[in-house]
Every structure is written in C-alpha cells, then in structure tokens.
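> sharing a model that was predicted from the sequence below.
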Amino acid sequence: MLSWKKRQKKKLTVKGLLKALLVVLLILVIIGSFFEEYDVSGKTIVPFCTNQGSGVDSGYELLKDECDGATVAEGFNGINTDLNEVTNWLKGQGYIND
C-alpha cells in the first residue's frame, strides 16, 4: 500500500498556474483526439480518477460530451487512494471479477 507524505501548501505563482493550465489542455487534447479516432458508441466508459489533490470537478461531464453514443458510468474519484481501493470499487460495481 502506498503511503503519502502530507503535502505542504505551496504559494500559487503565475508560472505554476500556467503549468497547471498547460497540463489540463494537454489532457483535454489527448482525450479528445482519442474519442475522435475511436468509435465508442454502444460501449460503456467507466471513468476513474486517483490523485493526491483536488477532485475532477466537471471532468466527467466533459468526458460525457466526448463519448458520442456511449454510456458513461458513474465515476470514481479517489483522493489519496491506492490500487486496492480502485480495484475494490471496480469489483463492487461488477466491472471485474475476483
């Protein structure tokens, strides 16, 4: 099991904000280009996010907009989580078996 050290809050700088925005834009481009290339209609998309910071906010809604014809299941947002927690959630939802 992973253990996380308590993170100290950092002072927000313009450089830090620009880096964060660049990462978000890059992720949106990657996700958008994936769904432009692959037909996911009739499929079920199971989104999950693990992080050590904030949640996904409206990320799942943006994902639903990109998945034409697919069912986007209720997402999992685990903060300070590990693989076991995600696996247990997937099992509990019936997406994977023991």
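Alright, I've got the coordinates. All values reported here derive from a predicted model rather than from experimental measurement. Residues are numbered from 1 along each chain as shown.
> how close does F34 sit to E66?
Counting by CB to CB, to the nearest Å, the gap from F34 to E66 is 8 Å. For every residue, glycine as well, the C-beta is placed using N, CA and C.
> for the two, work out which one has more neighbours and name it.
E66 (17 against 11; other CB atoms under 10 Å).
> what about the closest residue in space to that one that isn't next to it in sequence, neighbour count?
Of all residues not flanking E66 in the chain, F35 sits nearest, at 4.3 Å (CB to CB, 6 or more residues apart in numbering). F35 has 16 neighbours, counted by other CB under 10 Å.
> other SSEs contacting the helix or strand containing L26?
Secondary structure from DSSP states H and E places L26 in helix 14-37. When contacts are defined as 3 or more CB pairs under 8 Å, 6 or more residues apart in numbering; DSSP states H and E, helix 14-37 packs onto helix 59-66.
> list the buried residues of the helix it packs on.
59-60, 63-64, 66 (16 or more other CB atoms under 10 Å).
> now render the residues you listed as TSV, adding distance to F48 and pLDDT.
Shown next, in TSV, are those (distance: CB to CB, whole Å; pLDDT from 0 to 100):
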residue	distance to F48	pLDDT
G59	11	73
Y60	10	76
L63	11	81
K64	14	83
E66	16	83
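> quick check: the residue most central in space within the chain vs K15, distance?
Nearest to the mean C-alpha position of the chain, counting by CA atoms, centre = their mean, stands C49 at 3.3 Å. Noted for C49: a distance of 25 Å to K15, by CB to CB.
> sorry, back to before: pretty sure the residue nearest to the centre of the chain sits against G59.
Yes: applying CB atoms under 8 Å, one finds C49 in contact with G59, separated by 6.9 Å.
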